[in-house]
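Visitor: Here is the input, now give the coordinates:
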Amino acid sequence: VQLVESGGGLVQPGGSLSVSCAASGFTFSSYALNWYRQAPGKEREFVAVISSGGGRTNYAESVKGRFTITRANYKNTVYLQMNSLKAEDTAVYYCAAARGLDYVPDYWGQGTQVTVSS
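Guide: Numbers count the residues shown, from 1 in each chain. Model prediction:
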């Protein structure tokens, strides 16, 4: 099983960035896909989740209206589009696969760094 995030980087406050996660080694279309993040000195926190078929999504209050999670099952890839970025969005972003929307993830990626700074 592999989940490989990419697309992180440095962006100015108010800017946009998209990160993606390519999966292999399991039946991608059967799993809900999550994004979590961990800022320095803080615990890992939930960001967003999308159901296996893509029809349902949930977001943390802190990112609602700014972030959008999507998936392309034919490419085994999940995306997180981040707009109106703030300094407090700075974190390592992880994708994670779970058996359902409210399940603890079974598989995790290694993370990609997103830094919001001027």
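Visitor: Model confidence for Tyr94, exactly?
Guide: Among the per-residue scores, Tyr94 shows a pLDDT of 98.
Visitor: SS state for the residue nearest to the spatial centre of the chain?
Guide: Closest to where the C-alpha atoms of the chain average out (CA atoms, centre = their mean) is Trp35, at 2.7 Å. The assignment at Trp35 comes out as strand when based on DSSP: H, G, I helix; E, B strand; the rest coil.
Visitor: Give me the three-state assignment for the residue nearest to it when sequence neighbours are not counted.
Guide: Computed as CB to CB, 6 or more residues apart in numbering, the closest residue to Trp35 that is not its neighbour in sequence is Val47, at 4.3 Å. In this view, the C-beta of every residue, glycine as well, is placed from N, C-alpha and C. Under the three-state scheme (three-state DSSP), the conformation of Val47 reads as strand.
Visitor: any idea how far Val47 is from Ser18?
Guide: Between Val47 and Ser18 the distance is 14 Å, computed by CB to CB, to the nearest Å.
Visitor: Among those two, which residue is more densely surrounded?
Guide: When Val47 and Ser18 are compared for neighbours, Val47 comes out ahead with 23 against 14, by other CB atoms under 10 Å.
Visitor: Contact partners for that one?
Guide: Applying CB atoms under 8 Å, 6 or more residues apart in numbering to Val47 gives the contacts Asn34, Trp35, Tyr36, Arg37, Tyr59, Ala60, Val63, Phe67, Leu80, Tyr93.
Visitor: Now with 6 Å, please.
Guide: For Val47, the contacting residues are Trp35, Tyr36, Arg37, Ala60, Val63, by CB atoms under 6 Å, 6 or more residues apart in numbering.
Visitor: wait, doesn't Ser118 sit right on Gln12?
Guide: Yes. At 5.3 Å, Ser118 and Gln12 qualify as touching, with contact defined as CB atoms under 6 Å.
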